[in-house]
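> below are the sequence and a predicted model for it; my questions follow.
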Amino acid sequence: SKAFTKKHREWMRSLGIPTIVVDLDCLEAIESKVQDINVELFAEYQRRPEAQLIATIPGIGYYGALLIWAEIADVHRFQDAEHLCSYAGLTPTVSQSASSVHYGGVSKEGPKHLRWILVESVHVHKRYNASSALSQFHARIERKRGKQKATTAAARKLLHIIY
């Protein structure tokens, strides 16, 4: 908790060890800068109706919405949701030879930060909206294929919803 942290810092300062005092000053300066950046990010979020629309999806906060919006840019540049999923690297790789077709894992092409925030958003969504269609989809795939594949499949479905 913050109260414990403040007390702990005061106690460490009271020791009077110069290196600890300098390190605490540095830490407090960094924390202050992080707070300033968060204020700027929230102000940017307030200026972006597209990000605000994305944030209406449970599990996606303002930071995630801004990241998704920044990575996708203009959603109209994609013909459909499948093209967007392909751009994000959430579609399976395909190997074809004559009449045989083999589907592999996801391609992981495209922006890794977009895939990361979608996966994180799925985790948050599942936790707080266990009865939603997306959470039920995740649970169904998890029973069949495992947790990791279910999370990736749910991230792809979430991207469809965003589109």
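Sure, I can see it.
> same question for stretch 86-94, mean pLDDT?
Per-residue pLDDT over stretch 86-94 has a mean of 90.
> A strand includes G104, no?
Yes. Assessed with DSSP: H, G, I helix; E, B strand; the rest coil, G104 lies in a strand.
> can you get me the start-to-end distance on stretch 74-87?
Stretch 74-87 has an end-to-end distance of 13 Å (Cα to Cα, to the nearest Å).
> what's that stretch in contact with?
Here stretch 74-87 makes contact (Cβ atoms under 8 Å, 6 or more residues apart in numbering) with 50, 72, 91, 107, 109-110, 156, 159-160, 162-163. Every C-beta, even on glycine, is put in place using the N, C-alpha and C of the backbone.
> try stretch 134-142
122, 125-126, 129, 149-151, 153-154, 157-158, 161.
> who are the contact partners of the closest residue to V124 other than its chain neighbours?
Nearest residue to V124, sequence neighbours excluded (Cβ to Cβ, 6 or more residues apart in numbering): G59, at 4.0 Å. Shown in contact with G59 (Cβ under 8 Å, 6+ apart): 121-126, 128-129, 158.
> swap the cut-off to 7 Å and go again
By Cβ atoms under 7 Å, 6 or more residues apart in numbering, the contact list for G59 reads 121-122, 124-125, 128-129.
> with K126 instead?
Contact partners of K126, counting by Cβ under 7 Å, 6+ apart, are 135, 138.
> ok, H83 to K108 distance?
For H83, the distance to K108 equals 17 Å [Cβ to Cβ, to the nearest Å].
> got a list of what the one residue sitting closest to the centre of the chain touches?
By Cα atoms, centre = their mean, the chain has its centre lying nearest to I117, at 1.6 Å. Neighbour list for I117: 64, 67-68 [criterion: Cβ under 7 Å, 6+ apart].
> what about the residues you listed, which are in helices?
Among those, the ones falling in helices (DSSP state H) are 64, 67-68.
> name the member of the residues you listed with the most neighbours.
Most neighbours among the ones in helices among the contacts of I117, by other Cβ atoms under 10 Å: I68, with 25 neighbours.
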